[in-house]
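Participant: Quick one: sequence plus predicted model below, questions after.
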Amino acid sequence: MTDVFARGTVSEEEIIRRAASVEANSEHPIARGIVQSAEERGIELLPLEDFRAIPGKGVEARIAGTPSLVVSPGYLSEAGIPVGDERVATAESQGKTGVFLLEDQKLLGALALADIIRDESRDAIARLKEMGLRCMMLTGDNRYVAGWVAGEFGLDDYFAEVLSHEKSKKIEEIQQQYRVAMVGDGINDAPALVQADVEIAIGAGTDVAVESADNVLVRSNPRDVVDIVLLSRKTYTKMLQNLLWATGYNTFAIPLAAGVAVSYGIVLTPAVGAVLMSLSTIIVAINARLLRLN
């Protein structure tokens, strides 16, 4: 659901049209929500020029040659542009995310979007917590939105109004206590992903920092994060099993091959040693392959 707050003579429909047009090329969830609102109302978008993202603050483009921006409250604060609309503050206090439409640095209006908790994200967090992992959220949203989302997920902690370039420092702080895996957007969250012990680039879902001693790679769905952690743990278990077998085998076979038990009539011939070596390799390979069945 999108609330629209127009200023001056600009209509709500025109606010959505311009905002959705600027956001059309963005992959951010807020952008997709605005574009979807325009589609639901049957609003035709306008052609763009010179689209570019403003990391952690919004996007901008030219509409009919005029610079148009859809930005966060942080951008307005830095630019010294007052909001002057209590309706926006009220919407944000209700857990909605507010963004603002500017044209030539003039504030035309605002849009407030209610966050929708995706089932797959909720399930992923629940499963990670069942596995004994601490889940935290780093977000640029205001504290009301962040608090509501954290409560819905049952997160262990959250950090609100954190810009993209600030997330890496926050990850560094968390690393003072935990080993951290960062799940985030591969573009806006790139510095934080690099800072984390484990990088998980994801195309959708809520960003979370997960206390983990597992190494994981890259996937594209919140539920895949759980699968990655599970796979890494099972792989580590298999490594220990195979190491134990190989160490135990060599501890037993090498002394026998060296003749330490000759006085007892036990001799490990080269032929038998070769068979045992091959058998050891086969057992390790089969045990590794069993990982596919888990």
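Facilitator: Right, received. Where do you want to start?

Participant: Name the next helix or strand downstream of the lowest-mean-pLDDT helix or strand in the chain, please.
Facilitator: Using mean pLDDT, DSSP states H and E, the weakest-scoring helix or strand in the chain turns out to be strand 208-211, at a mean of 40. Sequence-wise, the next helix or strand downstream of strand 208-211 (DSSP states H and E) is helix 222-257.

Participant: Report all helices and strands that whichever helix or strand comes after that following helix contacts.
Facilitator: Downstream of helix 222-257, the next assigned helix or strand under DSSP H and E is helix 270-289. Using 3 or more C-beta pairs under 8 Å, 6 or more residues apart in numbering; DSSP states H and E as the contact test, the elements touching helix 270-289 are helix 222-257. Where you see a C-beta, it was placed from the backbone N, CA and C, and this is true even at glycine.

Participant: Would you pull up how far the helix it packs on lies from the middle of the chain?
Facilitator: In terms of C-alpha atoms, centre = their mean, to the nearest Å, the gap separating the centre of helix 222-257 from the centre of its chain is 29 Å.

Participant: What helices and strands are in contact with it?
Facilitator: Where contact means 3+ C-beta pairs under 8 Å, 6+ apart, helix 222-257 is packed against helix 119-130, helix 270-289.

Participant: What backbone torsions are found at the nearest residue to residue 230 once chain neighbours are set aside?
Facilitator: Of all residues beyond its chain neighbours, the one nearest residue 230 is residue 131 (7.8 Å), with distances taken as C-beta to C-beta, 6 or more residues apart in numbering. With angles defined as degrees, to the nearest 10, residue 131 sits at phi -80, psi 0.

Participant: Identify the residues contacting residue 131.
Facilitator: 226, 229, 230 (C-beta atoms under 8 Å, 6 or more residues apart in numbering).

Participant: Count the neighbours of residue 41 for me.
Facilitator: Counted with other C-beta atoms under 10 Å, residues neighbouring residue 41 total 14.

Participant: wait, isn't it in contact with residue 14?
Facilitator: No. Between residue 41 and residue 14 no contact is recorded; they are 11.6 Å apart, counting by C-beta atoms under 8 Å.
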